[in-house]
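# this one's sequence-less:
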């Protein structure tokens with residue numbers, strides 16, 4: 001065994017290295033510095049007993065840091081979440097006190113700018129604007145109110161763009177007026193009360209009497225005053241101005257005739273219930289003159305007001321003008337007022353009742369078409385009674401097929417159309433139910449029925465599934481390209497280019513309607529309503545559109561007049577109109593109206 005090593009002071013050859021020698025670079029240490037040390041190692045060294053290399057900054061400290069108490073941690077450095085919460089609380093408190101200051105008009109004279117939306121800018125000026133817009137006027141004792149200013153010489157009706165943006169402007173100015181009066185914004189409950197009266201709105205008639213708006217002067221009449229259907233100015237010259245009125249402008253970016261007619265029916269019912277006179281303006285209707293399709297509506301015993309007093313908003317205005325674009329803005333308020341006055345809670349039945357009153361008063365086709373519908377319905381009813389009078393009459397099932405740009409609501413058919421098998425299956429089910437409810441059990445007669453069909457797609461009539469069905473009416477039909485004759489031209493001679501004949505295969509499309517009768521100078525816009533055309537449609541174009549409207553109304557009139565049961569898709573406006581034409585008792589409660597587009601009930605809007 002080796003003797004123990006003694007490193008006492010008697011060994012003078014052993015030296016302690018100076019401290020500065022310990023500051024050598026790490027690179028000077030070899031790989032054997034960390035090798036295991038033993039007495040038998042060939043590279044045994046005593047250096048590790050005398051000094052050690054400086055600690056590397058990348059290595060953790062061997063001695064743990066002393067922990068601070070929780071109180072000292074919060075005092076020295078708050079957590080990030082706590083700091084953000086303090087910042088947010090400070091910011092909200094600042095905004096709260098600032099809002100209190102600016103809402104109280106007694107504390108500050110300046111008016112805080114109203115920047116609720118980026119579309120409108122509130123500006124102050126002494127003169128009235130030369131364009132239609134809602135404005136804020138100063139009443140007695142500097143109390144602000146708002147109204148709608150329309151220049152006396154401005155054309156009537158306004159453009160679609162002007163009507164479309166007027167509703168949001170009225171809401172903006174109404175909120176701004178409340179702010180000027182030092183009132184808090186409307187609560188959510190007040191917003192849900194659509195028929196709540198705006199106490200800060202002043203009608204044009206009242207503003208003129210108060211001197212806040214100039215009265216109409218002679219020679220300031222507009223160049224275009226509209227065309228009120230059936231109105232005879234000579235006979236109505238001595239009548240007083242209506243106290244309350246609603247004017248329905250037949251102009252919209254929607255090409256569908258059913259949407260316009262259905263809205264007209266609904267608005268007529270609301271106007272009648274509210275005691276308002278009802279007028280129709282067709283000066284810029286895409287389907288031409290109203291009397292080319294329908295008879296003139298019944299006229300009230302008063303005359304329309306000045307055009308600058310006919311306002312698109314708010315719904316409480318004395319003289320309200322409504323278009324297909326603004327109907328969605330004023331209809332909730334009018335409907336809420338109706339519910340409050342009538343005290344009913346059946347929304348669907350109330351809607352159909354209002355539309356039914358408009359249908360009974362306004363759906364009167366012109367003389368020739370009305371006579372045709374009467375004879376066609378009489379003919380179909382005669383076929384219904386051809387068999388033994390002792391047996392029950394043969395049921396007549398009407399089928400309305402809408403194609404074109406109207407797609408079903410049902411998920412599996414949302415990108416296509418309802419198959420014809422679905423219509424026929426529902427029709428057969430209705431026929432079986434009809435005979436099962438009768439006392440006769442004649443097997444020969446149990447499957448007999450009459451099916452009449454109407455569609456906007458001429459190709460539907462040629463489908464094998466509908467080969468036994470009768471066409472509702474053939475007085476006016478949408479033609480296909482196959483029907484149009486083709487000219488035999490000499491291919492060796494240069495001929496002038498002619499557009500390809502227009503066919504309605506596939507159904508009614510809005511883009512085809514707007515471009516009907518226009519020369520194809522460019523294809524920059526497919527939709528005529530959005531292209532901003534400045535040229536009005538020609539007489540030929542209006543005549544073609546009028547024919548289309550007449551064909552549509554003839555189909556609906558025959559189906560509703562002759563059918564015991566109707567099968568259609570509620571996604572189309574024609575189907576909803578057929579429900580109104582049948583009535584709530586016969587159509588909804590009696591099962592006469594049947595939807596095959598999902599399990600959706602009748603409704604005015606999807």
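Great, that's in hand. Since we're looking at a predicted model, the values are computed, not measured. Numbers count the residues shown, from 1 in each chain.

# stretch 309-329: end-to-end distance?
Using Cα to Cα, to the nearest Å, the gap from the first to the last residue of stretch 309-329 comes to 19 Å.

# list the buried residues of that stretch.
Neighbour counts using 16 or more other Cβ atoms under 10 Å place 309-327, 329 of stretch 309-329 among the buried residues. (C-beta placed from N, C-alpha, C; glycine too.)

# in helices only, show me those residues.
Under the assignment DSSP state H, these contribute 327, 329 to helices.

# excluding covalently adjacent residues, which one is nearest to residue 334?
Nearest in space to residue 334, with sequence neighbours left out and distances taken as Cβ to Cβ, 6 or more residues apart in numbering, is residue 270 at 4.7 Å.

# for residue 558, same thing?
That would be residue 472: by Cβ to Cβ, 6+ apart, it lies 4.3 Å from residue 558.

# picking up where we left off before, count of residues packed around the residue nearest to residue 334?
Residue 270 has 24 neighbouring residues, counting by other Cβ atoms under 10 Å.

# residue contacts, it?
246, 331, 334-335, 338, 354 (Cβ atoms under 8 Å, 6 or more residues apart in numbering).

# assumed it was part of a helix.
Yes: with DSSP: H, G, I helix; E, B strand; the rest coil as the criterion, residue 270 is located in a helix.

# okay, now the unreliable bits of the stretch 451-600 of the chain?
Counting by pLDDT under 70, the ranges of the stretch 451-600 of the chain that qualify are 479-504, 518-534.

# which residues in it form strands?
Ranges of strands in the stretch 451-600 of the chain, per DSSP state E, counting those that start in this stretch, are 470-471, 565-568, 593-595.

# most tightly packed of these?
For these, the largest average neighbour count (mean count of other Cβ atoms under 10 Å) is found in strand 565-568, namely a mean of 26.

# give me the contacts around it.
By Cβ under 8 Å, 6+ apart, strand 565-568 touches 395-402, 423, 426-427, 430, 434, 559-560, 574-575, 578, 582, 587, 591-596.

# which of the residues you listed are buried?
395-402, 423, 426-427, 430, 434, 559-560, 574-575, 578, 582, 587, 592-596.

# residue ranges with poor pLDDT in this structure?
Within the chain, the stretches with pLDDT under 70 are 1-78, 97-126, 139-142, 187-194, 218-222, 387-390, 439-446, 479-504, 518-534, 605-606.

# close enough to count as contact, residue 400 and residue 579?
No: if you go by Cβ atoms under 8 Å, residue 400 and residue 579 don't touch, sitting 10.7 Å apart.

# burial measure for the residue nearest to residue 129 when sequence neighbours are not counted, as a count.
Leaving aside its sequence neighbours, residue 129 sits nearest to residue 149 (Cβ to Cβ, 6+ apart; 6.2 Å). Counted with other Cβ under 10 Å, the neighbours of residue 149 add up to 22.

# give me phi/psi at residue 149?
Main-chain torsions, residue 149, degrees, to the nearest 10: phi -100, psi 120.

# I'd say it and residue 130 touch.
No: assessed by Cβ under 8 Å, residue 149 is found out of contact with residue 130, at 9.5 Å.

# ok, now which ones touch residue 307?
150, 154, 156, 222, 225-226.

# one more: residue 538?
Contacts for residue 538 (Cβ under 8 Å, 6+ apart) come out as residue 517.

# now it: how far from residue 432?
Per Cβ to Cβ, to the nearest Å, residue 538 is found 52 Å from residue 432.

# out of the strands of the stretch 451-600 of the chain, which comes closest to residue 344?
Smallest distance to residue 344 across the strands of the stretch 451-600 of the chain (Cβ to Cβ): 20.9 Å, for strand 593-595.

# so how far is residue 240 from residue 320?
To residue 240, residue 320 is 18 Å away according to Cβ to Cβ.

# next one: residue 433
Counting by Cβ to Cβ - residue 433 and residue 240 are separated by 56 Å.

# can you check residue 367 too?
Taken as Cβ to Cβ, the span from residue 367 to residue 240 is 32 Å.

# got the contact list for the spatially closest residue to residue 315 that is not a sequence neighbour?
Nearest residue to residue 315, sequence neighbours excluded (Cβ to Cβ, 6+ apart): residue 333, at 3.6 Å. The contact partners of residue 333, taken as Cβ under 8 Å, 6+ apart, are 194-195, 314-316.

# any shared contact partners between residue 149 and residue 130?
Taking Cβ under 8 Å, 6+ apart as the contact criterion, no residue touches both residue 149 and residue 130.

# check contacts around residue 355.
The contact partners of residue 355, by Cβ under 8 Å, 6+ apart, come to 262, 265-266, 269, 580, 604.

# mind running it again at 10 Å?
Counting by Cβ atoms under 10 Å, 6 or more residues apart in numbering, residue 355 touches 261-270, 576-577, 579-581, 604.

# what are the ranges of the strands in the chain?
Taking DSSP state E as the test, the strands found in the chain are 133-138, 144-149, 245-249, 277-281, 319-323, 396-401, 450-455, 470-471, 565-568, 593-595.

# quick one: closest of these to residue 160.
Using Cβ to Cβ, the strands of the chain put strand 319-323 closest to residue 160, at 7.3 Å.

# and the closest one, what does it pack onto?
Strand 319-323 sits against helix 160-180, strand 245-249, helix 257-274, strand 277-281, helix 327-342, with contacts defined as 3 or more Cβ pairs under 10 Å, 6 or more residues apart in numbering; DSSP states H and E.

# can you give me the angle the third one makes with strand 319-323?
Helix 257-274 and strand 319-323 are oriented at 160 degrees to each other (axes from the mean of the first three to the mean of the last three Cα atoms, to 10 degrees).

# repeat for the first one
Counting by the same axes, to 10 degrees, helix 160-180 lies at 130 degrees to strand 319-323.

# list the buried residues in helix 160-180.
Using 16+ other Cβ under 10 Å as the test for burial, helix 160-180 gives 160, 162-167, 169-180.

# ok, now the third one?
Within helix 257-274, the residues that count as buried by 16+ other Cβ under 10 Å are 257-273.

# got it, and stretch 462-475?
The neighbour-count criterion (16+ other Cβ under 10 Å) identifies 466, 469-470, 472-473 as the buried residues of stretch 462-475.

# tell me where the chain has helices.
Residue ranges of the helices in the chain, as given by DSSP H, are 47-50, 70-76, 80-103, 160-180, 188-192, 204-209, 257-274, 327-342, 347-362, 367-384, 420-436, 510-514, 539-562, 573-582.

# among these, which comes closest to residue 455?
Across those, closest to residue 455 is helix 539-562 (Cβ to Cβ), at 8.1 Å.

# what's the closest one packed up against?
The contact analysis (3+ Cβ pairs under 10 Å, 6+ apart) places helix 539-562 against helix 257-274, helix 367-384, strand 396-401, strand 450-455, strand 470-471, helix 510-514, strand 565-568, helix 573-582.

# just want the angle from it to strand 396-401.
Helix 539-562 runs at 140 degrees relative to strand 396-401, counting by the same axes, to 10 degrees.

# tell me what angle helix 539-562 forms with strand 450-455.
Helix 539-562 and strand 450-455 are oriented at 150 degrees to each other (the same axes, to 10 degrees).

# mind listing the residues bridging to residue 323?
residue 249 (DSSP bridges).

# please tell me how far it sits from residue 226.
Distance of residue 323 to residue 226, given as Cβ to Cβ: 12 Å.

# now the common contact residues for those two.
Shared contacts of residue 323 and residue 226 (Cβ under 10 Å, 6+ apart): 157, 247, 249, 281.

# what's the farthest-apart pair in these?
Going by Cβ to Cβ, the pair spanning those furthest: 157 and 247, at 8.2 Å.

# sounds good, over and out.
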